[in-house]
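*Asks:* only geometry, no sequence info:
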């Protein structure tokens, strides 16, 4: 088995601030994802990385940057936090080379912008 | 842009009852559907997946797929309070099977 850890668990920022969220997995998975979830609703894909050194934009990439530092870690940066923004950011991973494989999720980072 | 529509938005069933959740994709290239379950305050976990026409059963959970209409449904029999959760449907297509598009979810409450 493996585990995905996300830090921090809670993140409080100010409007206009640049904020970074981190994700680590020890599954040895190739592919990693960042999703945003608003108010217990569906997940929207922000960025994903098929393998180390790869970076792909999802449907919601505007306002975000991402970085795949190494195979096990994937970071997401909110480039300018929006006032009153509240959402949960979920990191996920899946084995590479397997087109149809289960995605495993981390516990999430809950963002609040004052 | 592919859309995945789920219905109903919320559902209340009595304990021991049957819960039926629906999901449809608007993308004709979709060939794989996933159902994830997310308990309150927790992360989503995969429940079942299906890519062939017909049905697939695992314990109290049954998934149906109609590929012609791109419609899948999840049925939970003998519903338990522990089944209360947000159920997320996702779809993927072709050689981008690693990229899922999620629906907005169905919130299920099982009333004891």
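*Replies:* Arrived safely. Keep in mind that what you see is a predicted model, and the values were worked out from it rather than measured.
*Asks:* Whichever residue of chain B sits closest to chain A: what secondary structure?
*Replies:* When scored by C-beta to the nearest C-beta, chain B has residue B:97 as its residue closest to chain A, at 3.3 Å. For glycine as for every other residue, the C-beta is placed from the backbone atoms N, C-alpha and C. Secondary structure state of residue B:97, per DSSP: H, G, I helix; E, B strand; the rest coil, is strand.
*Asks:* just residue B:41 next, same as before
*Replies:* coil.
*Asks:* do the same with residue B:16
*Replies:* When the rule is three-state DSSP, residue B:16 gets the label coil.
*Asks:* repeat for residue A:92
*Replies:* strand.
*Asks:* Could you report the neighbour count for the residue of chain B closest to chain A?
*Replies:* As a burial measure, residue B:97 scores 16 neighbours (other C-beta atoms under 10 Å in any protein chain shown).
*Asks:* Return the residues in contact with the residue most central in space within chain A.
*Replies:* By C-alpha atoms, centre = their mean, chain A has its centre lying nearest to residue A:34, at 2.8 Å. Applying C-beta atoms under 8 Å, 6 or more residues apart in numbering or on different chains, we find residue A:34 in contact with A:21, A:23, A:45-48, A:58, A:64, A:66, A:74, A:76, A:89-91.
*Asks:* measure it to chain B for me?
*Replies:* As judged by C-beta to the nearest C-beta, to the nearest Å, residue A:34 and chain B stand 13 Å apart.
*Asks:* So that residue versus residue B:94, what's the distance?
*Replies:* 23 Å (C-beta to C-beta, to the nearest Å).
*Asks:* quick one on the thing from earlier: same list, the contacts of residue A:34, but only the ones touching chain B.
*Replies:* When contact is defined as C-beta under 8 Å from any C-beta of the partner chain, the contacts of residue A:34 meet chain B at A:45, A:48, A:90.
*Asks:* Name the SS class of residue B:82, please.
*Replies:* Classified using three-state DSSP, residue B:82 is helix.
*Asks:* helix/strand/coil for the nearest residue to it once chain neighbours are set aside?
*Replies:* Spatially, and ignoring its direct neighbours in sequence, residue B:82 is nearest to residue B:110 (7.9 Å; C-beta to C-beta, 6 or more residues apart in numbering or on different chains). Three-state assignment for residue B:110 (three-state DSSP): strand.
*Asks:* I'd say residue B:14 and residue B:111 touch.
*Replies:* Yes. With contact defined as C-beta atoms under 8 Å, residue B:14 counts as touching residue B:111 (5.3 Å).
*Asks:* Name the nearest residue to residue A:111, sequence neighbours excluded.
*Replies:* Using C-beta to C-beta, 6+ apart, the nearest residue to residue A:111 is residue A:11, at 5.0 Å.
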